[in-house]
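Asks: Fold the following.
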Amino acid sequence: MIFSIAKVNQLPKEERDPIYLRLVPPSLFEKFQIDPKTLRNPFGERVVRGMFPPDDNFACIEVKYRSSDSDCIFSCQVSLSSFMESLHLDFLIINDPFSERFYVDVDGCGRDTLMGSRSRNIPEEVKAMEAGLAPGMVRRGLGLTKESTNCLERFTETLGLKTITIDGFYYHNAIVWEKYGFTYFRGGKMMEKIHKEFQPGGLLYEKLDDSTPFRRKGMENTVRGRSWAIYDGILGDAFDEEWESPRMYKILGKDFKVNTFPGQIY
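Replies: This is a model prediction of the structure:
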């Protein structure tokens with residue numbers, strides 16, 4: 001067994017690349033007609049790239065529709081975590097390249113919003129929300145989270161590891177990862193509290209007062225609605241706590257069956 005991403009990164013290219021290609025959902029190659037051997041699209045462009053530093057325990061692989069596109073259709077970065085000797089999913093991005101693009105990632109001055117932590121582009125966020133997207137999404141997804149999770153598990157098994165860790169950057173991320181068998185190392189109590197306080201009469205429910213486009217009445221009924229309200233800072237206003245990304249983990253082959261939003265509608 002390998003037990004190290006750095007060791008994979010140090011392998012000869014012909015051995016290393018097939019290992020990392022296991023992270024890419026096979027249906028992506030078929031859907032966008034990308035040759036899994038040459039990694040080229042129908043236009044002859046190489047559209048699968050990776051970053052594999054030989055002395056570091058992280059790696060990133062990305063897939064584009066056209067080589068000149070600014071957005072990837074798939075981007076995944078993994079690293080080695082000391083927690084439970086696990087694989088850590090740093091980020092997973094999946095975009096439909098043919099869907100409308102919302103510029104929630106840059107503000108009115110063209111500066112990176114740093115996922116809303118430095119600045120925000122409210123008009124673009126409103127348009128994204130009304131188009132059915134969740135916070136942080138610049139395009140619609142491709143419905144490949146389940147397949148990507150399966151790929152991640154197989155990759156983790158290849159390294160000889162048994163646990164995957166992730167951070168739920170947004171509320172909706174945490175809810176989605178629950179669906180695919182993850183549980184909480186940190187933040188589970190907060191997720192339960194959020195659900196309780198979004199019930200009629202709860203502190204969060206009462207703060208859905210139409211004071212901003214992201215705090216409309218009825219948003220407590222959906223995962224996306226709650227996520228937008230939390231992104232808008234409703235936790236701080238309701239009980240003086242800011243959103244802190246939960247740390248979650250999954251043991252290969254085990255579904256913890258956690259559900260902090262029973263009866264959820266995405």
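Asks: Ramachandran angles for the residue lying farthest from the centre of the chain?
Replies: What lies farthest from the middle of the chain is Gly201; by CA atoms, centre = their mean that is 31.3 Å. Gly201 adopts backbone torsions of phi 90, psi -10, taken as degrees, to the nearest 10.
Asks: And for the closest residue to Asp56 other than its chain neighbours, the neighbour number?
Replies: Take Asp56 and drop its neighbours on the chain: the residue closest to it by CB to CB, 6 or more residues apart in numbering is Ala6, 6.2 Å away. Heads up, the C-betas are built off the backbone N, CA and C, glycines and all. Look at Ala6: counted by other CB atoms under 10 Å, it has 16 neighbours.
Asks: Next, count neighbours for Leu39.
Replies: 18.
Asks: Does it touch Val48 like I think?
Replies: Yes - assessed by CB atoms under 8 Å, Leu39 is found in contact with Val48 at 3.9 Å.
Asks: can you pull out the helices in this structure?
Replies: 5-9, 13-20, 26-31, 122-130, 145-158, 171-179, 188-197, 203-207, 223-231, 234-239 (DSSP state H).
Asks: Tabulate these (TSV), appending distance to Ser67 and mean pLDDT.
Replies: Shown next, in TSV, are the helices of the chain (distance: least, CB to CB, whole Å; pLDDT from 0 to 100):
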stretch	distance to Ser67	mean pLDDT
helix 5-9	23	94
helix 13-20	17	96
helix 26-31	16	97
helix 122-130	26	98
helix 145-158	22	96
helix 171-179	29	98
helix 188-197	40	98
helix 203-207	45	97
helix 223-231	32	98
helix 234-239	41	93
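Asks: Out of those helices, which gets nearest to Ser70?
Replies: Across the helices of the chain, Ser70 has its closest neighbour in helix 122-130 (15.5 Å, CB to CB).
Asks: if we can go back for a sec, now do the contacts for the residue nearest to Asp56.
Replies: 53-57, 80 (CB atoms under 8 Å, 6 or more residues apart in numbering).
Asks: Out of those, list just those in strands.
Replies: The members of the contacts of Ala6 that map onto strands under DSSP state E are Leu80.
Asks: Now for the contacts of Ala6: which two are most distant?
Replies: Pro54 and Leu80 (14.1 Å).
Asks: Settle it for me: which of the two has more neighbours?
Replies: It is Leu80, of Pro54 and Leu80, that has more neighbours when counted by other CB under 10 Å, with 18 against 11.
Asks: Now do the most centrally placed residue in the chain against Met219, distance only.
Replies: Geometric centre of the chain, nearest residue: Leu92, 4.6 Å, by CA atoms, centre = their mean. To Met219, Leu92 is 25 Å away according to CB to CB, to the nearest Å.
Asks: Which pLDDT value belongs to Arg118?
Replies: Predicted confidence (pLDDT) for Arg118: 88.
Asks: So what's the residue count around it?
Replies: That count, for Arg118 with other CB under 10 Å as the rule, works out to 10.
Asks: Hmm, Val106 and it touching each other?
Replies: No - using CB under 8 Å, Arg118 makes no contact with Val106, being 10.8 Å away.
Asks: can you list residues touching both of those two?
Replies: Asp112.
Asks: if we can go back for a sec, of all the helices of the chain, which one comes closest to Pro97?
Replies: Of all those, helix 26-31 comes closest under CB to CB, at 10.5 Å.
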